[in-house]
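> got a sequence here, can you model it:
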Amino acid sequence: MLRAILGKKLGMTQVFDESGRLVPVTVIQAGPMTVTQKKTVETDGYEGVQVGFEPIRESKLTKPVLGHLKKVGVKPMRYLRELSAAGTDDIEVGREVKAEEVLSAGDKVAVTGTSKGKGFAGAVKRWHFHGGDMTHGSMIHRKPQSGGATDAARTFKGVKRPGHMGSERVTVRRLSVVKVDSERNLVLIRGAVPGANGGLVMIRKMEKGE
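Numbers count the residues shown, from 1 in each chain. As a prediction, the model looks like this:
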């Protein structure tokens, strides 16, 4: 069976737990997603499942993707992702997978999403440099200072410099599922998850020992 599900981050709110404590939660519309392809050891060398999430108009898709979905009789989907699966014998193409089949309250999960883009940022904001003196005639303040070796006539890879910040794939592990609303396909996860509201996220049920 699948141990992960795709969803859309809706926003944050707060709920009361059984002991009456206020708990901050992120609301995610998790599924339903549709199985669009099976990967097997015989044909692909490994086991996996391709799934589609969020229906979309045909005109929004490229012809190769649209043809791939029509071939297996699946409606157009905005997102196609591949998930690992321990055995694909009980998974059929075209089957719908809902949140309640993958997650339940109390599960520990890892949530993966794309972090918010911050645009071009300086070294103080991007890498938390403390900056230069703010007084006594200093003219550096928040500017980057030494760039390292000068005889190389170039900047080495991996050097912490100003540049594009955010918009990266981020995973937050060991979050707790507070509630699964099967009627509305909603999952409430304690705490914050990566990305902006409306962004695609993947919720993966963690194994024991992770």
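> which helix runs longest in this structure?
Criterion DSSP state H: the longest helix present in the chain is helix 63-71.
> next SSE after that helix?
strand 77-84 (DSSP states H and E).
> partners of that next one in the sheet?
Paired strands of strand 77-84, with direction, are strand 48-55 (antiparallel) (DSSP bridges).
> not counting the worst-scoring helix or strand of the chain on mean pLDDT itself, show me its contacts.
Within the chain, no helix or strand scores below helix 41-44, which has a mean of 85 by mean pLDDT, DSSP states H and E. Residues outside helix 41-44 that contact it (C-beta atoms under 8 Å, 6 or more residues apart in numbering): residue 47. C-betas here are computed from N, CA, C, even on glycine.
> ok, now which ones touch residue 167?
By C-beta under 8 Å, 6+ apart, residue 167 lies in contact with 114, 115, 116, 117, 118.
> can you give me the domain assignment for this structure?
4-116+169-205, 118-165 (automatic domain parsing).
> so what's the gap between the first one and the chain middle?
If I follow you right, that is domain 4-116+169-205. 9 Å (C-alpha atoms, centre = their mean, to the nearest Å).
> before we move on, what about the shortest one?
In this view, domain 118-165 has its centroid 30 Å away from the chain centroid, taken as C-alpha atoms, centre = their mean.
> can you get me the start-to-end distance on it?
Distance across domain 118-165, first residue to last, is 5 Å (C-alpha to C-alpha, to the nearest Å).
> so which residues of the chain form strands?
Along the chain, the segments classed as strands by DSSP state E run 4-16, 22-30, 33-39, 48-55, 77-84, 96-97, 108-114, 119-121, 163-165, 169-181, 186-190, 200-205.
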